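A.B. asks: Pasting the sequence and the predicted model now:
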Amino acid sequence: MNSYQPVVRDDYQPVVTQDVLDLIASKSDEQRANREMSKDVVDALKACGFYRMMLPKKWNGLEARPQEFFREQIRIAEADMSTAWASGIIAIHAFQVAMMSEEAQEEVYKDDPNTLISSSYNPVGAKAEACDGGFMLSGRWGWSSGSGHCTWALLGGVVPGDGYRTFLVPRTQYVIEDTWHVMGLQGTGSNDVVIEEPIFVPLHRTHHQMDGFNCKHNQENPVYDLSWAQTFVRVVNTAAIGALKKALKLFLESRTAGASTDITKLAGDVETQERIARVMNTIAELEAVMFHNFDKMEAADWKPSIEERVLYRYQASLVIEKAIDAIDLLFDVAGGRSVFQGHPLQNLWHDIHIARCHVANNPTAFGRNLGGMQLGVENKDVFI
């Protein structure tokens, strides 16, 4: 059986140029210390078009394929995982807003296609109530990555009698509290968004969860027929693939340097060789599964079946666990210097492990849903 080969268009050109990647890499330590992305990095990603990749062309977006977008996110992560995490999340919001009302899209993108939106979808700290023409919203939302660089936020809330909605709120109506003191992914600046007193959010600036599930859209390109959840559940773990690539490169460089230029000294280190092979295989597997899934969705004109959507979400949720296993293989034999704070391999170890804290990267519920459906149980997940 031939191995799977991702579909790559002949005319595809990388959006993020090497000079931008070099800038991101040079700012990695600074961003980790400052606990947010550098303005220089954000400006460079705006200029090259990364934030516009999933934005419709009618708003001067690039309207790229998801495969191309995630290739770019992996490349950014090889320079810095925090940048790839935060910028990937910010950029994917253009895909969700493209499924909202035309009025909401115009408010956000008419004057600036590089308008940036952060998010926090967890409704636990939110209070939302229906009123004439819209909703009253207040609360606190955590993990809003890149929020300091954004002028809008997408915030989740449950409306009694109506269900879950995402509320699109301008920066003038919320405050950002500096809460992001963490042990990994420091550069994402994932601070809290707070609305103390209830604000009015008009109906047109909301996105009903079931509209997302049923793939209601307002665009001509059939890529927007795809459930936006299929892109979001990938954006919170794909950065780990690039980070794992970087970790393997760092590990190989450190091991060969430690061999006093004679890398044949490692020929007898069978355990290390096997660990390297297993990590290489994990990287290849994670990329192959993701691109295979999006290629299948594209072949189906971006209309996968419910069964496929459930499978794809489960497979996405496994990425971080597999990446953790892989980087542990490297870190366990990285040598004494790796235990000191600031060691680049240790930083990547923390980044990948912290990514597991995101609910989309916990495979338990998604595995049960997938397995249950094979036994005749109805699908229980609408964020697919």
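C.D. replies: Here it is on my side, so go on.
A.B. asks: which residues in the protein form strands?
C.D. replies: Taking DSSP state E as the criterion, the chain contains strands spanning 117-120, 126-131, 134-144, 152-159, 163-170, 175-177, 191-202, 206-208.
A.B. asks: Most tightly packed of those strands?
C.D. replies: The highest mean neighbour count among the strands of the chain, using mean count of other Cβ atoms under 10 Å, belongs to strand 117-120: a mean of 26. Backbone N, C-alpha and C define where each C-beta goes, glycine included.
A.B. asks: In this protein, spot the helix with the most residues.
C.D. replies: The longest helix of the chain (DSSP state H) is helix 270-299.
A.B. asks: that older thread, in a markdown table, list the strands of the chain along with distance to Ile320.
C.D. replies: As requested, these are arranged in a markdown table below (distance: least, Cβ to Cβ, whole Å):
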| stretch | distance to Ile320 |
| --- | --- |
| strand 117-120 | 19 |
| strand 126-131 | 26 |
| strand 134-144 | 15 |
| strand 152-159 | 21 |
| strand 163-170 | 24 |
| strand 175-177 | 26 |
| strand 191-202 | 22 |
| strand 206-208 | 26 |
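A.B. asks: Dump those strands into JSON lines; add mean pLDDT as well.
C.D. replies: Rendered in JSON lines, the data for the strands of the chain read as follows (pLDDT from 0 to 100):
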{"stretch": "strand 117-120", "mean pLDDT": "98"}
{"stretch": "strand 126-131", "mean pLDDT": "98"}
{"stretch": "strand 134-144", "mean pLDDT": "98"}
{"stretch": "strand 152-159", "mean pLDDT": "98"}
{"stretch": "strand 163-170", "mean pLDDT": "98"}
{"stretch": "strand 175-177", "mean pLDDT": "98"}
{"stretch": "strand 191-202", "mean pLDDT": "98"}
{"stretch": "strand 206-208", "mean pLDDT": "97"}
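A.B. asks: Which one, of the ones you listed, ends up nearest to Met280?
C.D. replies: Counting by Cβ to Cβ, Met280 lies closest to strand 134-144 out of the strands of the chain; the figure is 31.4 Å.
A.B. asks: and the closest one, what does it pack onto?
C.D. replies: In this structure, strand 134-144 makes packing contacts with strand 117-120, strand 126-131, strand 152-159, strand 163-170, strand 191-202, judged by 3 or more Cβ pairs under 8 Å, 6 or more residues apart in numbering; DSSP states H and E.
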